[in-house]
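In: Provide a 3D model corresponding to the input given below.
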Amino acid sequence: MAEFQNPQQEPGNERRLLLVFALTFLVIMLFQPLLKKYGPQPPATKPEASQPQNPLAPQAQAPAPAPAGTVATTARSATPKGAAAPATRQASSESETVIENDLYRIVFTNRGGQVKSWVLKKYKDRPDGNPLELVNKVAAEKYGYPLSLWLYDESLRNKLNSALYVATSTSSQAPAEITFEYADGDVTVRKSYKFDHSYVVEMQTSVELKGAMLTAFPMWPAGFGDQTKGPDYAAGQAAYQYDNKVERLAIKKISSGGTVPGPFHWAGVEDQYFAVVFIPQDPLSAAMLTLRNTIEIPHDASDRNNKQMDKVEVLGTAVGNLKGPTSNRLYVGPKTLEDLEKVQVPGITGAEPDLRAIVDFGWLGLIARPLFLWLKWTHDHVIRNWGWAIVIQTLIINLALLPLRLSQMKSMLKMQRVAPQIKAIQEKYKKYSLRDPRKAEMNQEVSALYKKEGVNPAGGCLPLVIQMPFLFAYYRMLGVAIDLRHAPWGWVKDLSAPDPFYILPIAIVVTMFFMQRLTPQAGMDPTQQKMMNIMMPVMLGYISINLAAGLCLYWSMGNLIGIVQQSVMNRTALGREMREMMEKRARKKDK
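Out: Below is the predicted model of the structure:
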């Protein structure tokens, strides 16, 4: 064992030690020829005897090149017994293999052992269009095709993703298995995939360099084929889950080539309606690599004369094992609860052990998820049209909120009755500034009056407070519910997209205008009320232009039902009393 020298050792001692080393090396070099000539010789080795070789020593004879064909393999006759021979396993030409079931059709190429096409048979690229191609061809040609490999060595990564693998498949129809193998003497790669009748694919990948295992992640590098417009790309994000914790990384939080260490039970990339999710067999050793790149797309693909191009960010991920070969399950398909809940993810604690968390219902998920399940039940069991299912659900929700409307009118009537007394109290204290302690006495008197008359100042706002979460939950639900994608209703071909003829946004403006006119608004100045009756509907109509038609249908239908309810209530004794008090107050204001 080497010893560390004292840094304060005398310089003369160091020089003498170096001189001894130099003389010893010189003597050994001078005596080498003499020892070789006059020293004892080793006994001759018999040709048939097998001697162990140094695995690092070069081979005595280079293997002859393999004949032309599908696979080239080195001859093993020159390899000593007991030593592993480096073999080459490569295809001589590019070929394709098709695997399909009732849900998808996948086209593999042996160049890189990757996917050129992944078509989902039950979904279309547009209403009345072709089956959806999930591979983004523009981005894939530039940044890589699905199930290519990510290695931190860029040159080796490019080499393995362009090499010609030997492909072996059991069948073109699921259940099936396909294997890709490649070796060139230094690198050995194996990729195998198993397919059943679901959206899940079992996969195993391994890469060895001179016998040492390399970190190599299978990846989905470049977005989805349903992304055709800027907003489609803006909805992309990476996500992962460990137990009950779900993290979603928006585009601005992702760096290309960044590694997110595990543990996690699943990780992948998604857009508004589709997802690619890797489910690692070993969550503790898993890691996710994030990919973020830029491509240019037409500003308006429907207008061929428009040459304007937009730059968009395209996301991808690669997930694998940091400590050895990667063994994953891979979900490639729609973000439907029905399919996601079938994919079991063992080991999750504190949450449901499946993929349902991929569907993000947002902070109002406690309302949005039950709303969607109810809507889906209505569609499946009552009427087979999503638009009419929304109409039925809207009717039931508004009927359920009818008691709150009555409570609101009663509260507003009580506010109207005590309004003169409130005004008298305010006149009594108006000479005091807001900082004056006596101003607090005014608030005490007002509170005492409210308590005496049984008035709740917030009672008039309660129905709005309850209705707004339903509206926001509907907005979130329709934003993630793939079931409404390309769902028709009347003139609308896609309830998840804006109304192409703006009929529903116009209906929101008209119904909101009549709703404002019919609803008594206690305490509001008549001039302000007239302005609000015009400005509020116009503003909300402008906002609704770019909202999903399904949400506009819910909104306008809710307004229409509210108009009917308010018209009936205005004819009751309670409604007549409120109208008379408001008209009387308006006449006093005019004087």
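
In: What mean pLDDT does the helix or strand harbouring Leu366 get?
Out: Under the criterion of DSSP states H and E, Leu366 resides in helix 365-381. Per-residue confidence for helix 365-381 averages out to 94 on the pLDDT scale.

In: Any idea how far it is from the middle of the chain?
Out: On the basis of C-alpha atoms, centre = their mean, to the nearest Å, helix 365-381 sits 22 Å off its chain's mean C-alpha point.

In: State the distance from Trp363 to Arg248.
Out: When distance is defined by C-beta to C-beta, to the nearest Å, Trp363 is 12 Å away from Arg248. In this view, the C-beta of every residue, glycine as well, is placed from N, C-alpha and C.

In: follow-up on the earlier one: buried sites along the helix holding Leu366?
Out: Under the neighbour-count criterion of 16 or more other C-beta atoms under 10 Å, helix 365-381 has Gly365, Ile367, Ala368, Arg369, Leu371, Phe372, Leu375, Lys376, Thr378, His379 buried.

In: What of stretch 121-137?
Out: Buried residues in stretch 121-137, counted by 16+ other C-beta under 10 Å: Tyr123, Asp125, Leu132, Glu133, Leu134, Val135, Asn136.

In: now what about the helix or strand where Ile392 lies, what contacts it?
Out: The secondary structure element spanning Ile392 is helix 386-400 (assigned by DSSP H and E). Defining contact as C-beta atoms under 8 Å, 6 or more residues apart in numbering, one finds that helix 386-400 is touched by 371, 374-375, 378-379, 382-383, 470, 483-484, 487-490, 492, 495, 550, 553-554, 557-558, 561-562, 565.

In: now that helix: mean pLDDT?
Out: In this model, helix 386-400 has an average pLDDT of 94.

In: Centre of the chain to it, how far?
Out: Using C-alpha atoms, centre = their mean, the distance from the centre of helix 386-400 to the centre of the chain it belongs to is 30 Å.

In: got the angle between that helix and helix 365-381?
Out: 120 degrees (axes from the mean of the first three to the mean of the last three C-alpha atoms, to 10 degrees).

In: Tell me who's in contact with Ser117.
Out: Counting by C-beta under 8 Å, 6+ apart, the residues that Ser117 touches are Arg105, Ile106, Val107, Glu133, Val135.

In: again but with Met213, I slipped
Out: The neighbours of Met213, taking C-beta under 8 Å, 6+ apart as the test, are Ser206, Val207, Gly324, Pro325.

In: quick one: contacts for Ser198?
Out: With contacts defined as C-beta under 8 Å, 6+ apart, Ser198 is in contact with Leu103, Asp339, Lys342, Val343.

In: Got the phi and psi for it?
Out: Phi and psi for Ser198, reported as degrees, to the nearest 10, are phi -110, psi -170.

In: Other residues contacting stretch 482-495?
Out: Outside stretch 482-495, the residues that touch it by C-beta under 8 Å, 6+ apart are 123-124, 126-128, 273-274, 334-336, 376, 379, 385-388, 390, 478, 496, 499-501, 503-504, 548-550, 553.

In: Out of the residues you listed, list just those in helices.
Out: With DSSP state H as the criterion, helices contain Lys376, His379, Trp386, Gly387, Trp388, Ile390, Leu478, Ile503, Leu504, Ala549, Gly550, Leu553 from among these.

In: Select only the buried ones of those residues in PyMOL?
Out: Taking 16+ other C-beta under 10 Å as the burial criterion, the selection of buried members of the ones in helices among the contacts of stretch 482-495 in PyMOL is written as:
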select buried, resi 376+379+386+387+388+390+478+504+549+550+553
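
In: what's the closest of the ones in helices among the contacts of stretch 482-495 to Gly257?
Out: Lowest distance from Gly257 to the ones in helices among the contacts of stretch 482-495 (C-beta to C-beta) belongs to Leu478, with 35.2 Å.

In: picking that back up, sort out which of the contacts of Met213 are buried, if you could.
Out: Buried positions within the contacts of Met213, assessed by neighbour count (16+ other C-beta under 10 Å), are Ser206, Val207, Pro325.

In: can you list those in a markdown table and add distance to Gly225 and secondary structure?
Out: Listed next are these as a markdown table, based on distance: C-beta to C-beta, whole Å; DSSP: H, G, I helix; E, B strand; the rest coil:
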| residue | distance to Gly225 | secondary structure |
| --- | --- | --- |
| Ser206 | 29 | strand |
| Val207 | 28 | strand |
| Pro325 | 30 | coil |
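
In: so can I have CSV of those residues showing distance to Ser433 and pLDDT?
Out: Putting those into CSV (distance: C-beta to C-beta, whole Å; pLDDT from 0 to 100) gives the following:
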residue, distance to Ser433, pLDDT
Ser206, 79, 96
Val207, 78, 97
Pro325, 77, 95
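
In: Distance to Ala183 for those - can I get that in JSON lines?
Out: Formatted as JSON lines, these follow (distance: C-beta to C-beta, whole Å):
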{"residue": "Ser206", "distance to Ala183": "12"}
{"residue": "Val207", "distance to Ala183": "11"}
{"residue": "Pro325", "distance to Ala183": "15"}
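
In: can you pull out the strands in the stretch 51-200 of the chain?
Out: Assigned by DSSP state E, counting those that start in this stretch, the strands in the stretch 51-200 of the chain fall at 88-89, 96-100, 104-109, 114-124, 131-133, 148-150, 166-169, 176-184, 187-195, 200-209.

In: So which elements touch the last one?
Out: Contacting strand 200-209 under the criterion 3 or more C-beta pairs under 8 Å, 6 or more residues apart in numbering; DSSP states H and E are the following elements: strand 187-195, strand 326-334.

In: deepest of these, which one?
Out: Comparing the helices and strands packed on strand 200-209 on average neighbours per residue, with mean count of other C-beta atoms under 10 Å, the densest one is strand 326-334 at a mean of 23.

In: Mind exporting the C-alpha coordinates of the next helix or strand after that strand to CSV?
Out: Note on strand 326-334: by DSSP H and E, the next helix or strand toward the C-terminus is helix 337-340. Included here for helix 337-340 are C-alpha records, laid out as CSV according to Å, rounded to 0.1, in the frame of the first residue of the first chain:
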residue,chain,number,x,y,z
LEU,A,337,-61.7,7.0,-17.5
GLU,A,338,-63.2,3.7,-18.7
ASP,A,339,-59.8,2.6,-20.3
LEU,A,340,-57.5,4.2,-17.7
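
In: Next, the buried residues of helix 337-340.
Out: Leu337, Asp339, Leu340.

In: what's in contact with that helix?
Out: Counting by C-beta under 8 Å, 6+ apart, helix 337-340 makes contact with Ser198, Tyr199, Tyr331, Gly333, Asp354, Leu355, Arg356, Ile358, Val359, Phe372, Leu373, all of which sit outside it.

In: Just give me the closest of the residues you listed to Lys428.
Out: Phe372 (54.0 Å).

In: Please look at the closest one and Ala481 and confirm they touch.
Out: Yes: with contact taken as C-beta atoms under 8 Å, Phe372 and Ala481 are classed as touching, separated by 5.6 Å.

In: returning to what we had before: please identify which of Trp363 and Arg248 sits among more neighbours.
Out: Neighbours of Trp363 and Arg248, each counted by other C-beta atoms under 10 Å, are more numerous for Arg248; the result is 14 against 11.

In: partner residues bridging the nearest residue to that one once chain neighbours are set aside?
Out: Once its chain neighbours are removed from consideration, Arg248 has its nearest residue in Ala239; the separation is 4.6 Å (C-beta to C-beta, 6 or more residues apart in numbering). Partner residues in beta bridges with Ala239, using DSSP bridges, are Arg248, Gly268.

In: on that earlier part again, now the contacts of Met213 in a markdown table, with distance to Leu289?
Out: Shown next, in a markdown table, are the contacts of Met213 (distance: C-beta to C-beta, whole Å):
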| residue | distance to Leu289 |
| --- | --- |
| Ser206 | 17 |
| Val207 | 15 |
| Gly324 | 16 |
| Pro325 | 17 |
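
In: one step back: restrict the contacts of Ser198 to the buried ones and give me that as a PyMOL selection.
Out: What follows is the PyMOL syntax for the buried subset of those, where burial is set by 16+ other C-beta under 10 Å:
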select buried, resi 103+339+343
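
In: Which of the contacts of Ser198 fall within helices?
Out: Cross-referencing the contacts of Ser198 with the helices (criterion: DSSP H) gives Asp339 as the overlap.

In: Nothing else from me, thank you.
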